[in-house]
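# Here you go, sequence then predicted model.
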Amino acid sequence: MTNHWVDIKNADLVVIMGGNAAEAHPCGFKWVVEAKKGRKARLIVVDPRFTRSASVSDFYAPIRPGSDIAFLGGVINYLLTNDKIHHDYVKNYTNATFLIDEGFKFDDGFFSGYNAEKRSYDKATWQYQKDKDGYAMVDETLQSPHCVFQLMKKHYSRYSPELVSKVTGTPKEDFLKICGMIAETSVPGKTMTILYALGWTEHTVGSQNIRTMAMIQLLLGNMGRAGGGVNALRGHSNVQGITDMCLYSEVLPGYLSAPTDGDKTFDEYLAKRTPKALRPNQMNFPQNFPKWITSLCKAWYGSAATKENGFCYDWLPKKDAAYDAMAIFERMHQGKMQGFVCQGFNPLASMANKRKIGDALAKLKYLVIIDPLSTETSEFWKNYGEFNQTDPAQIQTEVFRLPCTLVAEDSGSYTNSGRVAQWHWKAADGPGDSKGDAEIMAALFLRLKEMYAKDGGKFPDAILNLAWPHRIPAKPAPEELLMEISGKALADVYDPKDKTKVIAKAGEQLAGFAQLRDDGSTSCGNWIYGGCWSQAGNLTARRDAADPSGLGQTLNWGFAWPANRRILYNRAGADPSGKPWDAKRAGIRWTGTAWAGNDVPDMRPDAAPEEKVMPFIMTPEGVARLFAPLMAEGPFPEHYEPYETPLDNNPFHPKNPKATSNPTARVFKGDMDSFGTAKDFPYVATTYRLVEHFHFWTKHAHINAVLQPEHFVEIGEELAKEKGIQAGDKVKVRSNRGYIKAVAVVTKRIRTLDVDGKKVHTVGLPLNSGFTGVTKPGFITNTLTPFVGDPNCQTPEYKAFLVNIEKV
Amino acid sequence: MALQSLDIKQRSATTTPAPSVRKTVEVAKLIDVSTCIGCKACQAACMEWNDIRDEVGRNYGVYDNPMDLTDKSWTVMRYAEVEEKGRLEWLIRKDGCMHCLEPGCLKACPAPGAIVQYANGIVDFHEEHCIGCGYCITGCPFNIPRISKEDGKAYKCSLCSDRVAVGQAPACAKACPTGAIQFGTKEDMQDYAAKRIGDLKERGFDKAGLYDPAGVGGTHVMYVLHHADRPQLYSGLPADPGISPLVSLWKGFAKPLASLALGAVALGSLFHYVMKGPNEVSKETEKEVEKEGSQ
């Protein structure tokens, strides 16, 4: 979330799209209810199904799964056509005025620079025009045909309400009503918040779904504002913490871009990762990259990391190919992996295309499962009849189950969707032989280290020299780990403005990432958490609910990364002169000498407004990007059909079959054959979770099992009638990858949509089922889902694919 | 009873006067259907607090589960899909005991002290006195109590009388994530409801209102409804509940017959005593019973 949970109550309009907050985040949903009660806020829900969130909404509109960009692009067109944008904000705080290379084009579904063979773009023409100093050129009048504003206007002029309705199936009058409600928040006195989740990410255009909404929020001037923002509701209690700490191979902790094979030396690596400002006077905060990565290397390798050896840069793994979850299972499926350590992850149930995952696991020599529960993955080899048809005699994988403790059985910190890390205290010992995750990892590490020390090996240095400064090496304490993550001074750290003044003595915990240095005098396990455990102690353990502003900022409750900032980009909550856009919901203001207010300023504290230091400090241009050349499939989001679409073509590009689906999506060789077509699989399917269950966990808990005991699928009344299916019947749902059987729920809440002259039925597939636990044993829903991913972050397309359904 | 906050105002099949010295406020639970998301946290909390675990059932083609109230599910969510003015509404109502001011169950109950009403308005079943006749079900205009197959006794929501007695809100109210279940004095709940109803009217629900039906003297569980003119829309919430005429009949004519049946039960107990010997009662319990009797 750019904002945070409590802040939702400050919104005038709450939009839930690409998510179902009431279902997946019932506790956080209370702030939506608070907004309705306290501010008379309106709630809009746009979803293929009339959801639990929709049940308490003011307005609901249906949408075909996988057509969100068409809808949101239509909203952009509406805002621009009807001049419902926040002009001062757009002109000053976005790259609307920036001039783009004259060679940039968009032609019938493709941007300039596409390479069909590589399925990727050469982005040379997607760049800013630059002046002789290397700064981006702008047109303050917004009139140049090459400025972002005009290019954007042209790009979305095609998204007429008629075409939007034709593609999305959303009735035109519903679409226009929503556009009108959204447009009302373009005035400075109103804000809109958007709550989304995996309903937007799990598409081959997932990243662009979110970007389209970010563009809308920028046009409305809602970023950096109380009650505004683009708010990702994370799917697990601590999945924010997981991504921050990087249990993800593409980046290092704190979202530092990981080194690749091409980055031969530390200097080369730093040069590529440290951007230069693209406009004068901008903070260009990523210029501090060398400090973050050096401090990280010091945290990892301690005294072994020296300036002379490039802080052990050579020991870091260099990426030679993709190593995201999809790529890992692809490699495993090809038989190229021997072992897999699976910690807190149930891929057989949660990855797309269960059969492929099961086949892949069967090719391993060994599989280590670290989990408190007997997950489906840990029993992938076992024959559960129709639910998991295997021949154990044919599977040679050796499975080790290492039972670990649950969250209440260990201390530690949780980071919620609002980036607030909160410490929790151990409440009970784990049962039986279970051990904490850190203890298990420590045991593995120490044994490996011992073996390397004794027997040697190809590359022992990184293991033998890893810093392990734990009082009990076999049992690293959660407190020690958080202190390491937060950062400390290894030598005295001096004030850069006054080289005689020591701001942190050697051995002290640092106050924040501003104190990090690139000379090896500081260590920090994750720069964005810098200062969460300062000399003042563990700030994540704070529980002061005092809220002087009444906005719910509670600056002394836990610790929000970065720098305990509650609303990101909060400088944009004030006008260029430093006066809040809305005095009643003021974040920070310019006092005449400094930035101050109800939040930790997202701005250099002494940057006077006259200096024109712009609010989006993490971009080298200082402003937010309406035009974003980093994206794989184009600088402007464009509607592409899901990889399995019920339509014959992309109605935006009916004559260009190559532009039907995202031309840059991640498809592995062989997986193309696993896609089905509308001829055999005429219905659109989408997957989701139910409030009664937490993923595949709570089916192991009796009470949850009572509340939702058996797997079901949902269909609308019209499809049920066509297929002779009644509520309670057992049905079989098939995709080109397999089938599941479940009970049919027949409902008015799923409507048949009129899309491009066709009737489109949606089949809803809850995913909490599986064959272990105390609920009725069931099929794994991901038997049906396709193994194709978003090209930016490789998330599979779980939310829009094709199936058929019949009564059993 | 031992707890002053649970002074008994009425007791089934009993004519002795109720304690009347202490002043206790009337409490109420307010269920704001317009902010309920149907998450079933209330069902889970009810099972947790009251140490009841219903069976793992199956899916019947709807979201409801368990499908109906049972001796081990004292509250269930009921889901209704309704089309109003061409737009769909999903009306989700938490069902359970309404804790009527004039409880039909208590009036119908022939077993002395099996059903009591406290001065704070809570209607509670004291299962140790229950004879399992099921008259409470007949007497209830909301069809709430259920007889257990295990012990033949009637069970229902106690409004967490044990929690309320020590100043805590019922478990369901405590667990409700959206604040759709509120708990407090009946007066405060009426005030709170008025605000919610104002908000709903402003959003176009002209007939929004409070469900506190006069036919049973009002209730200590109330609903805020978007369509207060048609409570039936909410999975058959009765529009005008009242105590069944059968109960009046029982009060007049049939009671002697039932008393006879009670006699038979007493006889049964005698056999039990002869065959199995006396139930073990500790000295402490005996003392407490004596104390209670002397109150």
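The structure has been received and is ready for your questions.
# hey, let's count contacts and neighbours off CA atoms from now on
Noted.
# need the contact list for the closest residue to residue A:42 other than its chain neighbours.
The shortest distance from residue A:42 to any non-neighbouring residue, by Cα to Cα, 6 or more residues apart in numbering or on different chains, is to residue A:13 (4.9 Å). By Cα atoms under 8 Å, 6 or more residues apart in numbering or on different chains, the residues touching residue A:13 are A:41, A:42, A:43, A:44, A:181, A:182, A:185, A:191, A:192, A:193.
# From chain B, how far off is residue A:13?
Separation of residue A:13 from chain B (Cα to the nearest Cα, to the nearest Å): 14 Å.
# Between the two ends of stretch A:216-225, how far is it?
Start and end residues of stretch A:216-225 are separated by 14 Å (Cα to Cα, to the nearest Å).
# ok, which stretches of the stretch 251-400 of chain A are helices?
Using DSSP state H, counting those that start in this stretch, the helices of the stretch 251-400 of chain A run over A:266-273, A:289-301, A:325-333, A:347-350, A:354-361.
# What lies in contact with the second one?
The reference is to helix A:289-301. Contacts for helix A:289-301 (Cα under 8 Å, 6+ apart): A:256, A:270, A:273-274, A:305, A:311-313, A:462, A:465-467, A:484, A:513, A:516-527.
# can I get the helices of the stretch 251-400 of chain A in a markdown table with mean neighbour count?
Shown next, in a markdown table, are the helices of the stretch 251-400 of chain A (neighbours: other Cα atoms under 10 Å in any protein chain shown):
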| stretch | mean neighbour count |
| --- | --- |
| helix A:266-273 | 15 |
| helix A:289-301 | 26 |
| helix A:325-333 | 19 |
| helix A:347-350 | 24 |
| helix A:354-361 | 22 |
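# Could you provide those in a markdown table, with additional columns for mean pLDDT?
Putting the helices of the stretch 251-400 of chain A into a markdown table (pLDDT from 0 to 100) gives the following:
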| stretch | mean pLDDT |
| --- | --- |
| helix A:266-273 | 97 |
| helix A:289-301 | 98 |
| helix A:325-333 | 94 |
| helix A:347-350 | 97 |
| helix A:354-361 | 97 |
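# Mind putting those into JSON lines with distance to residue A:729?
Output for the helices of the stretch 251-400 of chain A, formatted as JSON lines (distance: least, Cα to Cα, whole Å):
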{"stretch": "helix A:266-273", "distance to residue A:729": "57"}
{"stretch": "helix A:289-301", "distance to residue A:729": "57"}
{"stretch": "helix A:325-333", "distance to residue A:729": "35"}
{"stretch": "helix A:347-350", "distance to residue A:729": "24"}
{"stretch": "helix A:354-361", "distance to residue A:729": "25"}
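# Among the contacts of residue A:13, which one sits closest to chain B?
For those, the residue nearest chain B by Cα to the nearest Cα is residue A:42; the value is 9.0 Å.
# Verify the stated contact: that closest one with residue A:58.
Yes - between residue A:42 and residue A:58 a contact is recorded at 6.0 Å, counting by Cα atoms under 8 Å.
# Excluding residues flanking it in the chain, which one is nearest the residue of the stretch 101-250 of chain A found nearest chain B?
As assessed by Cα to the nearest Cα, chain B sits closest to residue A:174 within the stretch 101-250 of chain A, at 11.2 Å. Distances taken as Cα to Cα, 6+ apart put residue A:61 closest to residue A:174, at 6.2 Å, once the chain neighbours are dropped.
# What does the one you found show for phi and psi?
The phi and psi values for residue A:61, taken as degrees, to the nearest 10, are phi -140, psi 140.
# Show the contacting residues for residue A:545.
By Cα under 8 Å, 6+ apart, the contact list for residue A:545 reads A:554, A:556, A:557.
# So for the residue nearest the centre of chain B, what's the pLDDT?
The centre of chain B sits closest to residue B:97, judged by Cα atoms, centre = their mean, with a distance of 2.7 Å. On pLDDT, residue B:97 comes in at 98.
# so when I look at it, I'm seeing a helix, right?
No - using DSSP: H, G, I helix; E, B strand; the rest coil, the secondary structure at residue B:97 is coil, not a helix.
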